[in-house]
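> Sequence below, structure please.
(2 chains)
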Protein chains: 2
Amino acid sequence: MVDTWNLKVLEPELQRPVPSDIQISRAQQPKLIEELAREIGIKHEELELYGQKKAKVSLDVLKRLKEQKDGKYIVVTAITPTPLGEGKSTTTMGLAQALCAHLHKNTFACVRQPSQGPIFGIKGGAAGGGYAQVIPMEEFNLHLTGDIHAITAANNLLAAAIDARMFHESTQSDEALFNRLVPKDKTGRRRLSAIQKRRLERLNITVPEDAETLSAEERSRFARLDIDPETITWNRVMDINDRFLRKIEVGRGPTEKGQVRETQFVISVGSELMAILGLCSGLADMHDRIARIVVANDKKGNPVTADDIGVTGSLTVLMKDTVRPNLMQTLEGTPVFVHAGPFANIAHGCSSIIADQIALKLVGENGYVVTEAGFGADIGMEKFFNIKCRYSGLKPDAVVLVATVRALKMHGGGPNVTPGAPLAHEYLSENLDLLKGGCETNLRKQIENASKYGIPVVVCVNRFASDTDAEVELVKEKAKEFGAVGVMSDHWASGGAGAIDLAKAVVDACDKPSEFKFLYPSSDGLLKKIETICREMYGGDGVELSEQAQKKLEIYTKQGFGHLPICMAKTQYSLSHDAKLKGAPSGFKLPVRDMWASVGAGFIYPLAGDIMTMPGLATRPCFFDMDIDPETGLIDGLF
Amino acid sequence: MVDTWNLKVLEPELQRPVPSDIQISRAQQPKLIEELAREIGIKHEELELYGQKKAKVSLDVLKRLKEQKDGKYIVVTAITPTPLGEGKSTTTMGLAQALCAHLHKNTFACVRQPSQGPIFGIKGGAAGGGYAQVIPMEEFNLHLTGDIHAITAANNLLAAAIDARMFHESTQSDEALFNRLVPKDKTGRRRLSAIQKRRLERLNITVPEDAETLSAEERSRFARLDIDPETITWNRVMDINDRFLRKIEVGRGPTEKGQVRETQFVISVGSELMAILGLCSGLADMHDRIARIVVANDKKGNPVTADDIGVTGSLTVLMKDTVRPNLMQTLEGTPVFVHAGPFANIAHGCSSIIADQIALKLVGENGYVVTEAGFGADIGMEKFFNIKCRYSGLKPDAVVLVATVRALKMHGGGPNVTPGAPLAHEYLSENLDLLKGGCETNLRKQIENASKYGIPVVVCVNRFASDTDAEVELVKEKAKEFGAVGVMSDHWASGGAGAIDLAKAVVDACDKPSEFKFLYPSSDGLLKKIETICREMYGGDGVELSEQAQKKLEIYTKQGFGHLPICMAKTQYSLSHDAKLKGAPSGFKLPVRDMWASVGAGFIYPLAGDIMTMPGLATRPCFFDMDIDPETGLIDGLF
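Prediction:
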């Protein structure tokens, strides 16, 4: 039984007007991370310090607290956002600060690690903002404890191994290839390594003591992966916005003897390994998921896996430290896990299962874990429930749906909201008509979406300075009308103190009876699952598969992956596939132009539209403003 | 005044036969790194822990111990090695263990961080071996504290910025480009950032308050870097053996509008940023060196720098933590700095100046710092003296020249030594004739080489089990004949206890008068410097420049880089440029086929032969054997 923490609360001095995020972050001296760890019941030997403000936490906590009941589990999601974002991360931090520092409930916030690439392109990190953020924000946004770097290294080792293997297969006879793959040891026997034995087993070949006894046909089947280069789905990754790597040709050197191939780089958080980190239950499960990764088909149409390439162990070795969540703190000194950061389109967009599980034990049965799901509720929340909760077995207790007056006005017919351009006057002065239009379309639909999972919904009106009281009241009323609780929250300007009402509403919601359920059973066919999501979440009339998507669907079903959940790659800017359609569009068919499989992570991802997986740098990226004081180490221009 | 450390010595239990490196490493429980730090006088606030076995050490130590006299400074180098290596790292560790744990002298070993790429290709790390190694070897060889990952990120940000800038320049008018680079602020003025002002200054344009006042011609000169794509020397890097990236074409995506370009990836330790880390004196100097990096010429032939691209600050921000050396320990609990790992061919192949400087203060005037230089004495030692010591201002006190009976027999005419193939019998039984031949050629020449710098030379016969006493005696005699001290050392099998004679000889050598001098003054022209190195170090008759090399030499001289020292990229397997020529070849001309500049790091590197900068994976890389126990975290098959 976990007691209420005796936590030292940091009290930010609220300034008006609210200073920049980095100024706020710097004005607050964080606690030593080992002090915070001690306060929340992490033992010294379960903690691995990375400097004084970050630490990794051992999964041994889960063993030690095996008998401990979990705390309440809250997911933060949002209505369909404008391109400026509506403040999910900020709300996650503000809510955690309010619950922990003000209502004195044991509380953890769990968030994703951001990609480093965009940080050097467009100003702004991902640590929340205002008086609701993770500190120190520089450390949150840069390198952290190296998890993304480890993923990059592991991802690219597999990519290098695929091309090297194809090269060696193309330049060697069956016999030479086999003899090199299984060389004679000192006793003259050809001993298979564990991973090679597993390949033989998958090929239904009896594993011999000495591989010398294999027949010529068996040797050939074993040694030749016979990869069809057209089917390779494993890309190289880099955590940099490098548009010139979106499409490249490799192998142009004379040593590669003309084996050129067109391929691409994706930003590192788009690696399937990041999704695996997010969904695995520990090192053993990570290992098994890596083994199952399908990188291509062979020329007969059978999947070729990372285990066939021979890299399962080495990739796990490279990623071994990533499995432990990273402990940091909010501006008010409450604990935060920063762990995993998969894309929200081609992956599931949630922080890790492991971090949530450890946090749920640490807070104890009277405590709260606030975790965030990427994008709007139609995508991020849907994936949180149907993918993340399906794999974790955890049952959430409440949904917080973040809404802003700005986004609701846009959905009610307001003018475009464009980053960089000034906001239209509709957004800066009271306009109840537009707001009402947005409430009755997008807010209604997203509340309905959340309600379909059988748990209480709290709508958080994330307040902006320009919102009028009448506007805030209208959203709250409408939320109530559609079956949710509506509260205003002002954490950006006031920190946890500004989110006390939200926190109380969340506590109440978690006390209500709930009956969590998935949207679809795994056993449904792939098409049926896609149709269910389209109809139930997006409000569409059905699905239109391209020829390519249809072909892929058949392949994946035939290969035995039909039981996997669906991870839709779709725009976040509309409930439909068309970013221009605001409010709650209906009468559309969802076009699926292609379909891909992340078998290791454990989902199929249909593409409803073009998805950009490698950002670029503009003419004047924010790196022009960036510098560091060599004496103090203070960074300028980053945020 | 630093006292003699009260250091807890770890005593390895010596096993016979000597177990594998990883077994030895695992059998020894390292001290907590904070305990070691305390023992050697590092203050708590100067230490940043990365787990329990690694820590970064702040440069504040240098300020605090400003008045402290330096310890003795010893460089470990070798005769011309066989492809199996002759044990410089092992000797460095063994010597440090003997000095510190057995002679009770304050002693630090300083070594390079190894590239992670080859670790997954060919078995074997770089932490020394046997009973003379850095522990834990897994942590030494994998990720460490992320320095190489940070270099990879910084290197690739610059690469992405170059291609993006060329793209934006090619698709925009002067006016549009200028307006985007210097947008109007809220007051309607076009404010220049600090890095943009520096560019104007380099262009001899007066820096205005409001860039709007610049003339059209000035705007154009400012905004157009006008890079000549043929002259780009900045490559992307990756810390993976990926042969298919040796030559690639980037920009093939439709969004890049046909701006394709052929380029390449190099392994990360080949990045100029790694050489900068090795040679800089701190964050401010790192910043200035990054600013000076030349990435290409413009179409008029002027150098284009990283500062022109706009990334100086952001690259320094990404690399800010790398500047602090990484503290680990040897198998006997003596301190080791692992810091920077530049290539020994296209870069200078030494660990960092900063680590050596901090170590020299920490050991105090009666202490010893043992540092290693890559490759044989003709290359690594030469660069250590003429590049590293030139930039650091440190004066070494002694040279340890590692020799093996095996390599000397090869130089005396023995058969080829090939990795993977069994050793010829000449190497496994006594053969004084071959050995004598090697002593009178390669050993003699390398002792001469070392002696030219005015400091005492100790020849360390790194003993192998198959060496006979007569063989060892012969090498010692010959060393004496050629003006050095010769001692046998058995640290691989016996740890520090096996290197006590070596340690005593080094202590004696450091007490001898010495007068350190460079081989050439910076003021010599580039060709003259190359000729001096060729004649004095390699025993060649002169230099033959290709047309291309001659052209580059003229460009670099014209651009004002003629004062930089030379960093020769040459095979390590011969004193000449031809790896097949063993012993001490003479009568050859050194062919220089091309020449490149690392202006930020601060050297010109002529290429005497083909240099491989991106390794590949064989048919059966060692990753097939690699695995991790999910319960214990123990790694198998890595070493």
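
> For the rest of this, base every contact and every neighbour count on C-alpha atoms.
Will do.

> how much space is there between A:D501 and A:C460?
A:D501 sits at a distance of 10 Å from A:C460 (criterion: Cα to Cα, to the nearest Å).

> nope, A:H44 is what I was after
Distance, A:H44 to A:C460, using Cα to Cα: 37 Å.

> okay, those two: which has more neighbours?
Remark: of A:H44 and A:C460, A:C460 carries more neighbours, 32 against 12, as counted by other Cα atoms under 10 Å in any protein chain shown.

> and that one, that's in a strand?
Yes. Assessed by DSSP: H, G, I helix; E, B strand; the rest coil, A:C460 belongs to a strand.

> Find the residue closest to it in space, skipping its chain neighbours.
A:V402 (4.8 Å; Cα to Cα, 6 or more residues apart in numbering or on different chains).

> How about A:I33?
Excluding the flanking residues, the one nearest A:I33 by Cα to Cα, 6+ apart is A:K53, at 5.0 Å.

> show me what contacts A:K69?
Counting by Cα atoms under 8 Å, 6 or more residues apart in numbering or on different chains, A:K69 touches A:1, A:361, A:364-365.

> repeat that for 6 Å
With contact set as Cα atoms under 6 Å, 6 or more residues apart in numbering or on different chains, A:K69 has these partners: A:E365.

> Name the SS class of it, please.
coil.

> A:I358 versus that one, what's the distance?
For A:K69, the distance to A:I358 equals 11 Å [Cα to Cα].

> now do A:N431
Counting by Cα to Cα, the gap from A:N431 to A:I358 is 45 Å.

> Of the two, give the one with the bigger neighbour count.
A:I358 (24 against 18).

> which stretch of helix or strand covers that one?
Element membership of A:I358, judged by DSSP states H and E, is helix A:353-363.

> and the very next helix or strand once past that helix with helix A:353-363, angle?
Next along the chain after helix A:353-363, taking DSSP H and E as the criterion, comes strand A:368-372. Angle between the axes of strand A:368-372 and helix A:353-363 is 160 degrees (criterion: axes from the mean of the first three to the mean of the last three Cα atoms, to 10 degrees).

> And for the strand or helix carrying A:L177, what's in contact with it?
Element membership for A:L177, per DSSP H and E: helix A:174-181. Applying Cα under 6 Å, 6+ apart, the contact partners of helix A:174-181 are A:220, A:223, B:620.

> Those into CSV, with extra columns for pLDDT?
Putting these into CSV (pLDDT from 0 to 100) gives the following:
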residue, pLDDT
A:S220, 97
A:A223, 98
B:R620, 94
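
> can you tell me which of those residues lies nearest to B:E477?
Nearest to B:E477 out of the contacts of helix A:174-181 is B:R620 (Cα to Cα; 44.1 Å).

> A:D541 - how many residues pack around it?
Neighbours of A:D541 under the rule other Cα under 10 Å: 15.

> A:R221 too?
Neighbour number of A:R221 under other Cα under 10 Å is 17.

> so what's the residue lying closest to A:N326 once chain neighbours are set aside up against?
Closest residue to A:N326 apart from its sequence neighbours, by Cα to Cα, 6+ apart: A:K56 at 4.5 Å. Contacts for A:K56 (Cα under 6 Å, 6+ apart) come out as A:47-48, A:324-327.

> Now render these as a markdown table, adding secondary structure, pLDDT and neighbour count.
Below are the contacts of A:K56 laid out as a markdown table (DSSP: H, G, I helix; E, B strand; the rest coil; pLDDT from 0 to 100; neighbours: other Cα atoms under 10 Å in any protein chain shown):
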| residue | secondary structure | pLDDT | neighbour count |
| --- | --- | --- | --- |
| A:L47 | strand | 97 | 25 |
| A:E48 | strand | 96 | 20 |
| A:R324 | coil | 98 | 25 |
| A:P325 | coil | 98 | 28 |
| A:N326 | strand | 98 | 27 |
| A:L327 | strand | 98 | 25 |
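
> quick one: which of those residues is nearest to chain B?
Lowest distance from chain B to those (Cα to the nearest Cα) belongs to A:E48, with 4.6 Å.

> Touching, the closest one and B:L49? I think so.
No. Between A:E48 and B:L49 there is no contact under Cα atoms under 6 Å: 8.5 Å.

> quick one on the thing from earlier: mind giving me the packing neighbours of the helix holding A:I358?
Judged by 3 or more Cα pairs under 6 Å, 6 or more residues apart in numbering or on different chains; DSSP states H and E, helix A:353-363 is in contact with no other helix or strand.

> try 7 Å this time
strand A:107-111 (3 or more Cα pairs under 7 Å, 6 or more residues apart in numbering or on different chains; DSSP states H and E).

> Next, the angle helix A:353-363 makes with the strand it packs on.
Going by the same axes, to 10 degrees, strand A:107-111 makes 170 degrees with helix A:353-363.

> Now tell me what touches strand A:107-111 from outside.
By Cα atoms under 7 Å, 6 or more residues apart in numbering or on different chains, the surrounding residues in contact with strand A:107-111 are A:92-93, A:96, A:99-100, A:335-339, A:351, A:355-356, A:359, A:363, A:367-372.

> Tell me who's in contact with A:S574.
Counting by Cα under 7 Å, 6+ apart, A:S574 has contacts A:80, A:580-582.

> Which residues of the stretch 251-400 of chain A lie near chain B?
Within the stretch 251-400 of chain A, the positions near chain B by Cα under 7 Å from any Cα of the partner chain are A:251-253, A:256, A:283-284, A:310-311, A:313-314, A:317.

> Now, those residues that are in helices?
A:283-284, A:313-314, A:317 (DSSP state H).

> between these, which is nearest chain B?
Using Cα to the nearest Cα, A:G313 is the member of those that lies nearest chain B, at 4.0 Å.

> From A:K361, how far out is that closest one?
In this view, A:G313 and A:K361 are 30 Å apart by Cα to Cα.
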